[in-house]
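Peer 1: Take this sequence and fold it.
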Amino acid sequence: MILDLFFPNRCIECSRIIDSDLLVCSLCFEQIHFTHFDYSGDNIIREKCKLLFPIENTYALMRFEQDSLSQKIIHELKYKSRENAGKTLAEWTKERLNFNEEKPDILVSVPLHPKKLKERGYNQLHVFTETLSTFYHIHLTTN
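Peer 2: Alright, predicted model coming up:
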């Protein structure tokens, strides 16, 4: 609590002071380009993936665009040791993703190369997949 007084958490976009568990303020949140894809329906990600490998369903939370807020969020997670960004992304996903009757059997937290794991100190996707696994009651593996 004292650290919050001297080093308050700030929005990664506009630097406004925000709650310690947030990444962006409510004004900047509106700038995030969420995809609003239906997991079981046709979407551009599914069509692109089908060209590369057999796939039944896909989902993407937000559009990753160069120099956008979505890129800043991903960089906070990957390169700035903001492990809580994984939980935030999972929370946003939980609010938007409905599996209906086609829930996956397993979630995989893709392992990092040992060199990257040593550099970052954690697997940035583990918190994300762990949060979703608990919420949706889907088995999680890290192998």
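
Peer 1: List the contacts of stretch 90-102.
Peer 2: Outside of stretch 90-102, the residues within contact range by Cβ atoms under 8 Å, 6 or more residues apart in numbering are 34, 36, 38-40, 56-57, 59, 61-62, 127-129, 131-132, 135-136. From N, CA and C alone the C-beta is placed, and that goes for glycine too.

Peer 1: how about 6 Å then?
Peer 2: 39-40, 57, 59, 61, 128, 131-132, 135 (Cβ atoms under 6 Å, 6 or more residues apart in numbering).

Peer 1: Can you say which helix or strand has the nearest residue to Leu117 once chain neighbours are set aside in it?
Peer 2: Among residues not flanking Leu117 along the chain, Asn123 sits closest, at 6.4 Å (Cβ to Cβ, 6 or more residues apart in numbering). Using DSSP states H and E, Asn123 sits in no helix or strand.

Peer 1: Now Asn123: phi and psi?
Peer 2: The phi/psi pair for Asn123 (degrees, to the nearest 10) reads phi -90, psi 110.
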